[in-house]
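Peer 1: need a structure here:
(one chain, ligands or ions: 1)
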Amino acid sequence: MDVSGLSHAFGPRQALRDVGFSLAPGDFTVLLGLNGAGKTTLFALVTRLYHSRQGRIAVFGHDIRRQPSAALAAMGVVFQQPTLDLDLTVRQNLAYHASLHGLSGSRARLRIEEELERVGLADRRDTRVRQLSGGQRRRVELARALVHDPALLLLDEPTVGLDIESRRFLIDHVRHLCRSRDMAVLWATHLIDEADDTAKVIVLHQGQVLDQGPVPQVAARAGVPTLRAAFDTLTHQHQGTRQHQGGAAR
Ligand SMILES: Nc1ncnc2c1ncn2[C@@H]1O[C@H](COP(=O)(O)OP(=O)(O)OP(=O)(O)O)[C@@H](O)[C@H]1O
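Peer 2: Model prediction:
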């Protein structure tokens with residue numbers, strides 16, 4: 001996926017400013033930012049919930065404005081807010097999604113079984129979602145996002161509200177998928193420890209990308225040993241620059 005020059009404002013509030021990055025197949029990239037950094041706005045633009053007026057978004061060659069169907073077909077999304085129908089069974093939720101993506105009959109059944117098997121929920125296929133735990137629901141959402149075999153997986157704060165075990169399962173599973181399917185993953189979070197040294201990171205703060213790249217490189221550029229320290233350094237520097245600019249303008 002290639003994003004360049006992306007900006008978005010809600011009235012006078014600038015939520016994103018000139019954001020750019022690229023994701024290659026097999027990349028596990030953490031979009032790291034505090035609450036309000038602009039992560040959800042970015043997801044909304046990439047998934048066409050909002051329209052981008054400034055900038056370009058292309059999903060493996062498909063421009064989101066000119067070829068929206070092809071671009072959306074190439075991505076799977078786990079939104080921040082749960083979006084399963086609680087009164088439908090696990091399988092019904094996935095079947096509905098599969099048919100939206102043009103999968104039906106035996107192909108859909110096969111793909112649903114494969115993904116439920118992978119997240120360890122094949123034996124809950126006929127259970128209503130309402131009866132599942134929070135961690136299990138998240139796993140169903142992940143299976144659903146993958147049913148149509150996307151080349152790009154987007155997850156917005158996927159571990160919020162999960163216990164340690166469910167969180168570990170989700171991270172390990174997604175990292176494994178990334179490697180085994182050569183899938184590009186964008187994992188948005190405010191939890192720094194979800195980006196280990198083998199991940200790439202995009203540090204998003206107050207709508208701007210402050211730095212991006214492999215975690216060790218981002219830390220080295222900031223002149224500190226860890227991503228946590230790099231995040232603090234970058235955000236403090238940014239704060240300083242803004243205050244300086246504000247002062248100069250007055
Ligand atoms: N619909 C909206 N109308 C006005 N302002 C908005 C709207 N949605 C987001 N914002 C503002 O845009 C900025 C970015 O918000 P966004 O939700 O994208 O951040 P975030 O990084 O996803 O944070 P969180 O994890 O809390 O959702 C914030 O200042 C927020 O208040």
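Peer 1: which residues in this protein form strands?
Peer 2: Along the chain, counting by DSSP state E, strands occupy 2-10, 13-22, 28-32, 54-59, 62-63, 75-78, 152-156, 184-189, 200-205, 208-214.
Peer 1: Could you list the paired strands of the third one along with their orientation?
Peer 2: So the one you mean is strand 28-32. Taking DSSP bridges as the criterion, strand 28-32 forms sheet pairs with strand 184-189 (parallel), strand 200-205 (parallel).
Peer 1: Out of those, flag the one nearest V147.
Peer 2: When the strands paired with strand 28-32 are compared by CB to CB, strand 184-189 sits nearest V147, at 16.2 Å. To be clear about C-beta, it is placed using only N, CA and C from the backbone, and glycine gets the same treatment.
Peer 1: ok, the closest one near the ligand or not?
Peer 2: No. Using CB under 6 Å from any ligand atom, strand 184-189 never reaches the ligand; the gap is at least 7.0 Å.
Peer 1: Off-centre distance for that strand?
Peer 2: Centroid separation between strand 184-189 and its chain, computed with CA atoms, centre = their mean, to the nearest Å, is 4 Å.
Peer 1: likewise stretch 49-63?
Peer 2: What separates the centre of stretch 49-63 from the centre of its chain is 15 Å, taken as CA atoms, centre = their mean.
Peer 1: Straight-line length of that stretch, end to end?
Peer 2: End-to-end distance for stretch 49-63, by CA to CA, to the nearest Å: 15 Å.
Peer 1: Same check on stretch 122-140?
Peer 2: This stretch, stretch 122-140, spans 10 Å end to end (CA to CA).
Peer 1: Distance check, L210 against the ligand.
Peer 2: For L210, the distance to the ligand equals 14 Å [CB to the nearest ligand atom, to the nearest Å].
Peer 1: My read is that that residue contacts T241, right?
Peer 2: No. With contact defined as CB atoms under 8 Å, L210 does not reach T241; the gap is 10.0 Å.
Peer 1: ok so, going back, rebuild the strands of the chain as CSV, extending it with mean neighbour count, mean pLDDT and distance to H101.
Peer 2: Shown next, in CSV, are the strands of the chain (neighbours: other CB atoms under 10 Å; pLDDT from 0 to 100; distance: least, CB to CB, whole Å):
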stretch, mean neighbour count, mean pLDDT, distance to H101
strand 2-10, 17, 96, 23
strand 13-22, 17, 96, 25
strand 28-32, 25, 98, 23
strand 54-59, 18, 94, 14
strand 62-63, 16, 94, 15
strand 75-78, 22, 96, 9
strand 152-156, 22, 97, 14
strand 184-189, 24, 97, 18
strand 200-205, 23, 98, 27
strand 208-214, 18, 98, 30
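Peer 1: so what's the residue lying closest to I202 once chain neighbours are set aside up against?
Peer 2: Closest residue to I202 apart from its sequence neighbours, by CB to CB, 6 or more residues apart in numbering: Q212 at 4.3 Å. By CB atoms under 8 Å, 6 or more residues apart in numbering, the residues touching Q212 are F21, K200, V201, I202, V203, V218.
Peer 1: residue contacts, Q14?
Peer 2: Counted by CB under 8 Å, 6+ apart, Q14 has contacts S7, H8, G207.
Peer 1: filter the residues you listed by proximity to the ligand?
Peer 2: Within the contacts of Q14, nothing lies near the ligand by CB under 6 Å from any ligand atom.
Peer 1: ok, so of those, who is nearest the ligand?
Peer 2: Nearest to the ligand, judged by CB to the nearest ligand atom, of these is G207 at 6.6 Å.
Peer 1: ok, back up a step: G135: which of the strands of the chain is closest?
Peer 2: strand 75-78 (13.2 Å).
Peer 1: Just give me how far that closest one sits from the chain centre.
Peer 2: With CA atoms, centre = their mean as the basis, strand 75-78 stands 8 Å off its chain's centre.
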